[in-house]
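> Predicted model and sequence below, questions to follow.
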Amino acid sequence: MGRVMAAAMISAELTGDVALAAIKDLSESGAHLVRHNDFSTLTGVRPADWARFAENWEVLRRDPYMADGGTYRYRRYGQFDLDMETGDLTRLPHGPYRQEADVNKLHGGVDRVYEPLTEAFVGDPVLRNVLVRPAEIFSRVDGTTKWNIKVTPIRTTATKDEAGEPTPEGRHRDGVTFITSLMIGRRNLTGGESAVYAEDGELLVTTTLREPGDILLSDDRRTYHEVTAVRTEDAGEPGHRDVLIMAYTAL
């Protein structure tokens, strides 16, 4: 489908305390949290940009594959290839999303066909920034220069009658190289605590992503992750948790 926008050369050297701390933690433990102010600076995304980008979560479609019978999850899906040497970010033809059963015990082993990413989403300059900057970090950790990136905007809702489960499959891996969870926005919720664990069960990071730009990075080959249920804070109003899941696989 071609490049989503004109290629820009990707930094040969990634410097700065924020990036170097992420590289260090991912190399050593396999997990790192970047708070919104630091990630916004790293990506050049301003508050107005986050607000505009968040509008794309209003047009997600309900996930019809929820094996637990839940009606609380909405999403779209797309894939990109990123060449770190040329800066080319290429949108791939739309296809099904699949995880094998040994990775996802709840929803694995089937082709899940979701609605594609909208043109407004793909064309927003925020997308390129938030895809490329983590890739620069991951390339410094892994040595990879080419990435496949599965991109999934997700809204998890909660009402007075139904809690939302951001990870209904429980503690899990995604079967990729690096996995990220980027907070876009949350409204009228309690819960939603994210945790990353080492293979032996040691808790590496625990946090509640709250502000647009809070992002959790982890090496999916060496860690597991999960998120606790979300419930409405004010039972009279629905709530939601909007995140962008970006899954990087070394090519």
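Nice, thanks for sending it over. Nothing here was measured: the structure is a model prediction, and the numbers come from that model. Numbers count the residues shown, from 1 in each chain.
> residues contacting the residue lying closest to Arg222 once chain neighbours are set aside?
Sequence neighbours aside, Gly30 is the residue nearest to Arg222 in space, at 4.2 Å (criterion: Cβ to Cβ, 6 or more residues apart in numbering). The way it works is simple: take the backbone N, C-alpha and C, and place the C-beta from them, glycine included. Gly30 makes contacts with Val196, Ala198, Leu204, Ser218, Asp219, Arg221, Arg222, Thr223, as judged by Cβ atoms under 8 Å, 6 or more residues apart in numbering.
> Just the buried residues out of the residues you listed, in ChimeraX syntax.
Selection of the buried residues among the contacts of Gly30 in ChimeraX, burial being defined by 16 or more other Cβ atoms under 10 Å:
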select :196,204,218,219,223
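> and of the contacts of Gly30, the nearest to Leu92?
Nearest to Leu92 out of these is Arg221 (Cβ to Cβ; 22.6 Å).
> where does that closest one land in three-state SS?
coil (DSSP: H, G, I helix; E, B strand; the rest coil).
> Phe80 touches Pro93, doesn't it?
No - between Phe80 and Pro93 there is no contact under Cβ atoms under 8 Å: 11.3 Å.
> Those two: who's more crowded?
Phe80 (23 against 8; other Cβ atoms under 10 Å).
> Nearest residue to the more buried one in space, ignoring adjacent ones along the chain?
Excluding its sequence neighbours, the residue lying closest to Phe80 (Cβ to Cβ, 6+ apart) is Ile149, at 4.7 Å.
> What's opposite the one you found in the beta bridge?
Phe80, Tyr248 (DSSP bridges).
> same question, Arg112
If you apply DSSP bridges, the partners that Arg112 bridges to are Tyr97.
> circling back to that earlier point, count of neighbours near the residue nearest to Phe80?
By other Cβ under 10 Å, neighbour count at Ile149 equals 22.
> of all the contacts of Gly30, which comes closest to Ile154?
Set against Ile154, the nearest of those by Cβ to Cβ is Ser218 (16.8 Å).
> mind checking pLDDT for the closest one?
pLDDT for Ser218: 98.
> Show me where the stretch 101-250 of the chain has its helices.
119-123, 125-142 (DSSP state H, counting those that start in this stretch).
> okay, those, which one's buried deepest?
Neighbour counts (mean count of other Cβ atoms under 10 Å) averaged over each of these peak at helix 125-142, with a mean of 21.
> Could you check how far Leu33 is from Tyr248?
As judged by Cβ to Cβ, to the nearest Å, Leu33 and Tyr248 stand 17 Å apart.
> what about these two, which has more around it?
More crowded of Leu33 and Tyr248, by other Cβ under 10 Å: Tyr248, with 25 against 21.
> ok, that one - contacts?
Listed by Cβ under 8 Å, 6+ apart, the contact set of Tyr248 reads Pro134, Ala135, Phe138, Trp147, Asn148, Ile149, Val176, Thr177, Phe178, Ile179, Thr180.
> Check Lys160 too.
Residues counted as contacts of Lys160 (Cβ under 8 Å, 6+ apart) are Thr232, Ala235, Gly236.
> Buried by neighbour count, from those residues: which ones?
Neighbour-count burial (16+ other Cβ under 10 Å) applied to these gives Thr232.
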